[in-house]
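*Asks:* Here you go, sequence then predicted model.
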Amino acid sequence: MSNPPIDSQITFIYTPNLAISADFYERIMGLPLWLDQTTCRIYRLSTNAFLGVCQISASSKGQFIAPPANLIITIVTQQVDEWYHTLSARGVVFDTPPSYNPQYRIYHCFLKDPNGYLIEIQRFEHDLPPAP
């Protein structure tokens with residue numbers, strides 16, 4: 001028996017200051033705003049993948065203390081160097097410049113958003129299995 005279909009995917013992260021986060025994701029990252037829910041702003045990453053950034057509040061899940069150290073928001077693109085140069089020109093300081101990781105056969109770089117969430121920009125350097 002197969003699973004029912006999945007139409008899209010949204011990852012939600014939380015911030016103590018939605019205005020600063022919105023500025024980063026809209027102006028610096030240049031992500032298109034897909035849906036503004038006042039206390040959450042949802043950005044389109046690709047056709048069916050989204051990133052939601054929500055203001056932490058009494059009604060949100062948990063409390064914002066710090067982003068989890070084991071969470072990585074990964075953006076997959078063939079243009080890793082272009083993203084690196086574009087964001088560097090906009091003032092982003094990267095944790096690591098683009099480099100090849102032989103263990104996973106990926107080319108990637110890392111930066112952090114204003115809340116400290118780790119963002120990886122990567123491309124796979126090998127053939128991937130076909131989508132189901």
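*Replies:* Noted; the coordinates are in hand. Numbering: from 1, shown residues only.

*Asks:* What's the mean pLDDT across stretch 81-91?
*Replies:* Averaged across stretch 81-91, pLDDT comes to 97.

*Asks:* And stretch 124-132, by the same measure?
*Replies:* Here the average pLDDT along stretch 124-132 is 77.

*Asks:* what's the longest helix in the protein?
*Replies:* Scanning the chain for the longest helix, with DSSP state H as the assignment, gives helix 80-89.

*Asks:* what does the helix or strand just after it rub up against?
*Replies:* Sequence-wise, the next helix or strand downstream of helix 80-89 (DSSP states H and E) is strand 96-101. The contact list for strand 96-101 (Cβ atoms under 8 Å, 6 or more residues apart in numbering) reads 80-81, 84, 106-110, 121, 125. Yep, even glycine has a C-beta here, placed from its N, CA and C like the rest.

*Asks:* Keeping just the C-alphas, turn strand 96-101 into PDB.
*Replies:* The C-alpha coordinates for strand 96-101 follow below in PDB (Å, rounded to 0.1, in the frame of the first residue of the first chain):
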ATOM      1  CA  THR A  96      32.500  29.000   5.400                       C
ATOM      2  CA  PRO A  97      33.100  29.800   1.800                       C
ATOM      3  CA  PRO A  98      32.100  27.300  -0.900                       C
ATOM      4  CA  SER A  99      34.100  24.100  -0.700                       C
ATOM      5  CA  TYR A 100      33.800  20.400  -1.800                       C
ATOM      6  CA  ASN A 101      32.900  17.800   0.800                       C
END
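
*Asks:* now the angle from that strand to helix 80-89?
*Replies:* With axes from the mean of the first three to the mean of the last three Cα atoms, to 10 degrees as the basis, strand 96-101 and helix 80-89 are set at 170 degrees to each other.

*Asks:* and strand 96-101, how far out from the chain's middle?
*Replies:* Remark: strand 96-101 is offset 17 Å from the chain centroid, using Cα atoms, centre = their mean, to the nearest Å.

*Asks:* Could you list which residues are in contact with the nearest residue to His108 once chain neighbours are set aside?
*Replies:* With Cβ to Cβ, 6 or more residues apart in numbering as the criterion, His108 has its nearest non-adjacent residue at 3.6 Å, and that residue is Gln122. By Cβ under 8 Å, 6+ apart, the contact set of Gln122 is 74-77, 80, 106-109.
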